[in-house]
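Asker: requesting a structural model of the entry that follows:
(chains A and B)
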Amino acid sequence: MDFLTEVRWSPYAVGAGIGVLSWLTFLLSDKALGCSTAFARTSGMLGKLFRGRGRIEKNPYYQKFAPVIDWEWMLVLGILIGAAVSALLSGDLDPRWIPPAWEASFGASLAARLAVAFSGGILVGFGSRWAGGCTSGHGISGTMQLTLTSWIMAISIFVGGIAAAMVIYGVPETAGV
Amino acid sequence: MLTSLHGRRGLQLTLGLLAGILFGFLLQKGGVTKYEVIVGQLLLVDFTVIKVMLSAVVVGMLGVHAMKSLGLVQLHPKPDSLSAGIIGGLIFGIGFAGMGYCPGTLVGAVGNGYLDAIFGGLGVIAGAGVFAAAYARLQKGVLRIAQPKNLTLPEIFGVNRWVVVVPAAVLIVLLLWWMDSSGL
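Answerer: Numbers count the residues shown, from 1 in each chain, chains lettered A, B, ... in the order given. A predicted model of the protein is given here:
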C-alpha cells in the first residue's frame, strides 16, 4: 500500500482513476462529476440568510437550482476530505496562505493575494454559471459525453486562461509550446 | 438501470460524499490542488492538468458509452448554448488564471492546507450569486444565442455513438502520447 503515501501519482493514473470514478457515478447515482452548481446552491443558501427567503424563492435561477444540499454538494464536501486524507498520508499537508510562486512574483502581501483569489473566484463563479458548468462538469464530464458545448467551453477556458496568465505572470522563457 | 438505487436520497447523499472523497484524493495525488500546477499549465510549462483531464475523458468516455450501449446508464449532456460555452469559458479562464484553482480543485486545495483557496471559494459563491441575480434578464436573450438542437456530436452528425467515440479516443491517446514523448 506504499502508493497511498506517495506525494504524486502519474497524471495518467490519476486521470484514469477519475474516469473510472465517472463510470461509478453514472451507474450508481445517475450523476456526472461536477462542482460549480454546488457553489450556486450555496449562494442561494447564504442569500436566504442575508437577503430573505422570499427573494431567493422568487428568483428563477434558484427555482432551477434550489438552495439545498444534494448529491453534488456532498461530492464537493467529499473533495475537501479526500484531498486532506491524501495530503496527510503523504506528509504533503502544508498550511499556508500565500502560494510560494505567487510570493516570488508579487511579494508577501496577504491582502493582495486574497483580493486576487477572491476576484478571480468571482469571475470563475460567474463564468461557470454562464456556461452552465466548470472544469469538471463541462471539462471532464461533458467532454466525455461528447457534448459539443462542453468541448467548446473547455477550449475557451484554456484560451482565456492562457491569455490571462501570460498577461498576469508574463510569458515564461521556458514555455513548452 | 439501477433506478431503485438512484431514488434513495439518503444513500445517494452518502454515495456523493464517498465519490467526492475519492475525487479529492485523486486530485491531490495528481497535484492539481496546487496553485503552481494550475498556473504552470496556463503558462504552458507544466502539462499535468491537461494530462489528467484528457486521461479522465478517454477512460470515462469508453466506459460511459459502453454502459450506455448496454442500457445500464443514461447520459446527461448539459443543455447550454455554444455562445454560453465560449463567453462563460473565457470569463472563467481569466478568473482561473488569477485564482489558480477551479471550483473543484479549490476545495481540494483547502484540504491540502492552501488557505487562500477559501477566499477563492467565497468569490466563486459571490460570482454565482451575481449570475443568479442577473439570470432573469439573461435567460431569454444572450444565453440562448447559438443554441444547438442536438447536444452531442453523435446526434449532431446523426451517427452511432461509437463512430465518434473510437476516433475521439484514438486522437486523445495520440495527443497524450505526443505530449509525453516531446517532454511536455
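Asker: who's in contact with the residue lying closest to A:Ser86 once chain neighbours are set aside?
Answerer: Closest residue to A:Ser86 apart from its sequence neighbours, by Cβ to Cβ, 6 or more residues apart in numbering or on different chains: B:Gln28 at 3.8 Å. For the C-beta atoms, the positions are set from N, CA and C on the backbone; glycine is no exception. By Cβ atoms under 8 Å, 6 or more residues apart in numbering or on different chains, B:Gln28 lies in contact with A:Gly82, A:Ala83, A:Ser86, A:Ala87, A:Asp92, B:Gly108, B:Gly111, B:Asn112.
Asker: A:Phe65 against A:Gly44, yeah?
Answerer: Yes - in terms of Cβ atoms under 8 Å, A:Phe65 counts as a neighbour of A:Gly44; the distance is 7.2 Å.
Asker: follow-up on the earlier one: got a pLDDT number for the residue nearest to A:Ser86?
Answerer: pLDDT, B:Gln28: 98.
Asker: in the helix or strand containing A:Leu77, which residues are buried?
Answerer: Assessed by DSSP states H and E, A:Leu77 sits inside helix A:71-89. Buried positions in helix A:71-89, judged by neighbour count with 16 or more other Cβ atoms under 10 Å in any protein chain shown: A:71-87, A:89.
Asker: quick one: mean pLDDT for it?
Answerer: Mean per-residue pLDDT for helix A:71-89: 98.
Asker: show me the contacts for the most centrally placed residue in chain B.
Answerer: Central residue of chain B (Cα atoms, centre = their mean): B:Met53, 8.0 Å from the mean position. For B:Met53, the contact set (Cβ under 8 Å, 6+ apart) comprises A:Gly15, A:Thr135, A:Gly139, A:Ile140, A:Ala154.
Asker: can you get me a residue count around A:Lys48?
Answerer: Around A:Lys48 there are 16 other residues, counting by other Cβ atoms under 10 Å in any protein chain shown.
Asker: so who does it touch?
Answerer: Residues in contact with A:Lys48 (Cβ under 8 Å, 6+ apart) are A:Ile56, A:Pro67.
Asker: ok, it to B:Gly129 distance?
Answerer: Taking Cβ to Cβ, to the nearest Å as the measure, A:Lys48 falls 11 Å from B:Gly129.
Asker: overlap in contacts, these two.
Answerer: Joint contacts of A:Lys48 and B:Gly129 (Cβ under 8 Å, 6+ apart) do not exist.
Asker: next up, the contacts around B:Leu72.
Answerer: With contact set as Cβ under 8 Å, 6+ apart, B:Leu72 has these partners: A:Leu27, B:Met1, B:Leu2.
Asker: neighbour-wise, which of the residues you listed leads?
Answerer: Ranked by the number of neighbours (other Cβ under 10 Å), the contacts of B:Leu72 place A:Leu27 first, at 18 neighbours.
Asker: does A:Ser105 really touch B:Tyr35, like I thought?
Answerer: No - contact between A:Ser105 and B:Tyr35 fails when scored by Cβ under 8 Å: they sit 11.2 Å apart.
Asker: looking at the two, which one has more neighbours?
Answerer: B:Tyr35 (24 against 12).
Asker: so what's B:Gly24 closest to, chain neighbours aside?
Answerer: Among residues not flanking B:Gly24 along the chain, A:Gly82 sits closest, at 2.7 Å (Cβ to Cβ, 6+ apart).
Asker: touching, B:Val39 and A:Met166? I think so.
Answerer: No - under the criterion of Cβ under 8 Å, B:Val39 is not in contact with A:Met166, lying 10.9 Å apart.
Asker: and B:Leu75, how many neighbours does it have?
Answerer: 18.
Asker: give me the element it is part of.
Answerer: Following DSSP H and E, there is no helix or strand that holds B:Leu75.
Asker: just confirm A:Trp23 is within a helix.
Answerer: Yes - assessed with DSSP: H, G, I helix; E, B strand; the rest coil, A:Trp23 lies in a helix.
Asker: which residues sit in contact with the spatially closest residue to it that is not a sequence neighbour?
Answerer: Nearest non-adjacent residue to A:Trp23, counting by Cβ to Cβ, 6+ apart: B:Gly63, 4.0 Å away. Residues near B:Gly63 by Cβ under 8 Å, 6+ apart: A:Gly19, A:Val20, A:Ser22, A:Trp23.
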